[in-house]
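Peer 1: coords please:
(2 chains)
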Amino acid sequence: MTLSQRSLDHVKSASFIVLLFLAWEVSCVLFGISPIVLPPPSTVISTLIVQMPALWPHILQTLLTTMVGFLLGMVIGVALGAIVGVSRTAYNVAYPLLVGFSSIPKVAVVPIFVLWFGSGTLPAILTALTTCIFPIVVNVATGLATTEPEMEDVLKALGANRSQVFWNVSLPRTMPYFFASLKVAVTLAFVGTVLSETVAANRGIGTVMMMATASFDVPLAFAGLLALALLGILLYAVFAVIEQRICGWANRKQEFAMG
Amino acid sequence: MEAGLTSAMPTSRIAQLENVNVRFGKGSNAFLALDRTNLTVHPGDFVAMVGPSGCGKSTILKLVAGLLRPTEGHVFVAGREVGAERIGIGMAFQNPTMLPWLTIRENIMLPLKIVQPYAATFRRDKRTVFYDRAEGLLAKVGLTGFGDRRPWELSGGMLQRANLCRALVHSPKLLMLDEPFGALDQFTREELWSILQELWMETRPTVFLVTHDLREAAFLASRILVMSARPGRVTEDRQVDLARPRTLETTFQPEFTDLTNDLRRLIVEARQAKEPAQ
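Peer 2: Residues are numbered from 1 along each chain as shown, chains lettered A, B, ... in the order given. You can find the predicted model right below:
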């Protein structure tokens, strides 16, 4: 893919977003939709800007809660994924549990966390953690468990021990799986945080949106949604850049398909 | 049957199988992959193993490489029972398994990172002595200038050349080749035969080659083992005395064609012998 083609794709992507917002704006005006039902994007954006000083602490709260929950989820997820990926027994024992656990809607878990830890930041962190951990565990385990047996044979015949196989083969080949899961997990962590904030908290975007809808301040609720979407994109982009730097080799097809 | 050479000096054995049985699976699914096999291989032998599919050729390879333990019997490599200590065996499969996050040169230098005495000085020598060693090998297989490329930029034939380099970079005493050229076209394959022969003649490692291609076996090997269908057994042990270096012209000589025809007949017999058993 040439550079000009890539920048053309960026232009296309940007204009698609602009078009979508334009269509939203136009239909609000055209069909006379009340701002209490669906505020036009111009109102949402101006609300976000005007209310920013008041919103900022909440945005920060949500961001920090999400990051703490996500980082904890990452650490625990990698540890669990490593155990499950390396040991056949651990895989057989833990996998049904993991699947069962991930099938529980996290909404149902929040009240329990609140019961245990009171309302506020802690249950939000825990909800973010439990929401984002599953894809990390599964991907790390998959990456570790699917090393080509032939590559392992080559190394073992050379006399490599387990740690040499791990550092030279298993770990690098797991990286793309790991980063793919991080991109998903970080957006899921947001879902968890906001979920918990809407149920039991007095700070954070989730709380703001609950209060906004309760007082029919729909533009503010939408401003909260917009802020969440922007934060999500931002964090996704951060991990996409790190991924590209650490394991760009896994994305070779885009660059070399033509060659 | 007695498959080894007679009157061999004990010191001149690099690999030895003694009454080896290998059984896979459990209960009613169990089967004998290798049946009371005896085999003695001398340093510098180029042993090719041919036979119908599933006859245990790769099993012998894995036994000698220490990747598999015999169910019964003993496997000795370089005077020790396998499993005690590894001697840094070079290995190449049909699938080149180059690591995509490394350059071709880094892939080739990987064994130097693992096998002693190279591993001890790897950090110091990887930009000097080892670099030159990798470049030297690349030149010999016709890949000069490809050291900095990534594996996905190379064709299958080029990857297999690099694979040979990786198998040989640490000057192993034992080289295990499991159908290394099986996925290549005829022309590339014949070219790589000559390259492999050349590399082998330089350092004379002991080679175990598993192949389905009888011409490949006859072209490369100094000794050919024909194996029977499951349970695997060495049914024929033949020296190949064709002069080296062998060339494509060699393959048109009557001795060569007679040899491959003989081998073909033996394998057909081995296959038919299996039929009633099934």
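Peer 1: Excluding chain neighbours, what is closest to B:Gln16?
Peer 2: Of all residues not flanking B:Gln16 in the chain, B:Phe76 sits nearest, at 4.4 Å (CB to CB, 6 or more residues apart in numbering or on different chains). No exception for glycine: its C-beta is placed from N, CA and C like everyone else's.
Peer 1: Where does A:Asn92 fall, secondary structure wise?
Peer 2: Using DSSP states H and E, the element containing A:Asn92 is helix A:88-103.
Peer 1: Which strands or helices does that helix pack on?
Peer 2: helix A:52-86, helix A:121-145 (3 or more CB pairs under 8 Å, 6 or more residues apart in numbering or on different chains; DSSP states H and E).
Peer 1: Show me the shaky parts of the chain.
Peer 2: You didn't say which chain, so I picked chain A. Residues of chain A meeting the criterion pLDDT under 70: A:1-3, A:252-259.
Peer 1: sorry, should have said chain B
Peer 2: B:1-11, B:82-86, B:273-278.
Peer 1: Would you mind listing what in it touches chain A?
Peer 2: B:62, B:65-67, B:86-93, B:95, B:97, B:99-101, B:110-111, B:113-115, B:150, B:152-153, B:166, B:170, B:176 (CB under 8 Å from any CB of the partner chain).
Peer 1: hmm, try it at 6 Å
Peer 2: Applying CB under 6 Å from any CB of the partner chain, one finds that chain B approaches chain A through B:65, B:67, B:86, B:88-89, B:91, B:93, B:95, B:97, B:100-101, B:111, B:114-115, B:152.
Peer 1: pretty sure B:Gly142 is in a strand, no?
Peer 2: No. With DSSP: H, G, I helix; E, B strand; the rest coil as the criterion, B:Gly142 is assigned coil and is not in a strand.
Peer 1: can you count the residues close to it?
Peer 2: 13 (other CB atoms under 10 Å in any protein chain shown).
Peer 1: Please name the nearest non-neighbouring residue to it.
Peer 2: Nearest non-adjacent residue to B:Gly142, counting by CB to CB, 6+ apart: B:Arg161, 6.6 Å away.
Peer 1: Number of residues surrounding the residue in the stretch 151-259 of chain A positioned nearest to chain B?
Peer 2: Here the residue of the stretch 151-259 of chain A nearest chain B is A:Gly159; by CB to the nearest CB that distance is 3.4 Å. Using other CB under 10 Å, A:Gly159 has 18 neighbouring residues.
Peer 1: right, and it touches B:Gly88 too?
Peer 2: Yes. Counting by CB atoms under 6 Å, B:Gly88 is a contact partner of A:Gly159 at 5.3 Å.
Peer 1: What values do phi and psi take at B:His212?
Peer 2: Main-chain dihedrals, B:His212, degrees, to the nearest 10: phi -100, psi -10.
Peer 1: same check, this time on B:Asp45
Peer 2: According to degrees, to the nearest 10, B:Asp45 has phi -60, psi 140.
Peer 1: B:Arg123 too?
Peer 2: Phi and psi for B:Arg123, reported as degrees, to the nearest 10, are phi -60, psi -40.
Peer 1: Ok, B:Ala119 next?
Peer 2: Given degrees, to the nearest 10, the pair of backbone angles that B:Ala119 has is phi -60, psi -30.
Peer 1: Spatially nearest residue to it (excluding sequence neighbours)?
Peer 2: With CB to CB, 6+ apart as the criterion, B:Ala119 has its nearest non-adjacent residue at 5.9 Å, and that residue is B:Lys113.
Peer 1: ok now do A:Phe179, which residues does it touch?
Peer 2: A:Glu243 (CB atoms under 6 Å, 6 or more residues apart in numbering or on different chains).
Peer 1: 7 Å instead, please
Peer 2: A:Phe239, A:Glu243, A:Ile246, A:Cys247 (CB atoms under 7 Å, 6 or more residues apart in numbering or on different chains).
Peer 1: Now the stretch 1-150 of chain A against chain B: closest residue?
Peer 2: In the stretch 1-150 of chain A, the residue found nearest to chain B is A:Glu150; the distance is 4.7 Å by CB to the nearest CB.
Peer 1: Tell me how many other residues crowd that residue.
Peer 2: Count around A:Glu150 with other CB under 10 Å applied: 16.
Peer 1: which residues sit in contact with it?
Peer 2: Counting by CB under 7 Å, 6+ apart, A:Glu150 touches B:Phe93, B:Asn95, B:Thr97.
Peer 1: Please report the number of neighbouring residues for the second one.
Peer 2: Taking other CB under 10 Å as the criterion, the count of residues near B:Asn95 is 19.
Peer 1: now the first one
Peer 2: Using other CB under 10 Å, the number of residues around B:Phe93 comes to 24.
Peer 1: can you check the last one too?
Peer 2: Counted with other CB under 10 Å, the burial measure for B:Thr97 works out to 22 neighbours.
Peer 1: three-state assignment of the closest residue to it other than its chain neighbours?
Peer 2: Distances taken as CB to CB, 6+ apart place A:Met151 nearest to B:Thr97, at 4.4 Å, with adjacent residues excluded. Put simply, A:Met151 is helix when judged by three-state DSSP.
Peer 1: gap between A:Met151 and A:Val165?
Peer 2: Going from A:Met151 to A:Val165 by CB to CB, to the nearest Å gives 9 Å.
Peer 1: neighbour-wise, which of those two wins?
Peer 2: Each of A:Met151 and A:Val165 has its neighbours counted (other CB under 10 Å); A:Met151 has more, 21 against 18.
Peer 1: Quick check, that one in contact with A:Asn168.
Peer 2: No. A:Met151 lies out of contact with A:Asn168 (CB atoms under 7 Å); the separation is 9.3 Å.
Peer 1: residues from the stretch 51-200 of chain A in reach of chain B?
Peer 2: Within the stretch 51-200 of chain A, the positions near chain B by CB under 7 Å from any CB of the partner chain are A:148, A:150-151, A:153-160, A:164, A:168-169, A:172.
Peer 1: Just the buried ones among these, please.
Peer 2: Listed as buried from these are A:150-151, A:153-160, A:164, A:168-169, A:172; burial here means 16 or more other CB atoms under 10 Å in any protein chain shown.
Peer 1: thinking again about what came up before, which ones are touching the residue nearest to B:Gly142?
Peer 2: If you count contacts by CB under 7 Å, 6+ apart, B:Arg161 has them with B:Val141, B:Gly142, B:Leu143, B:Leu192.
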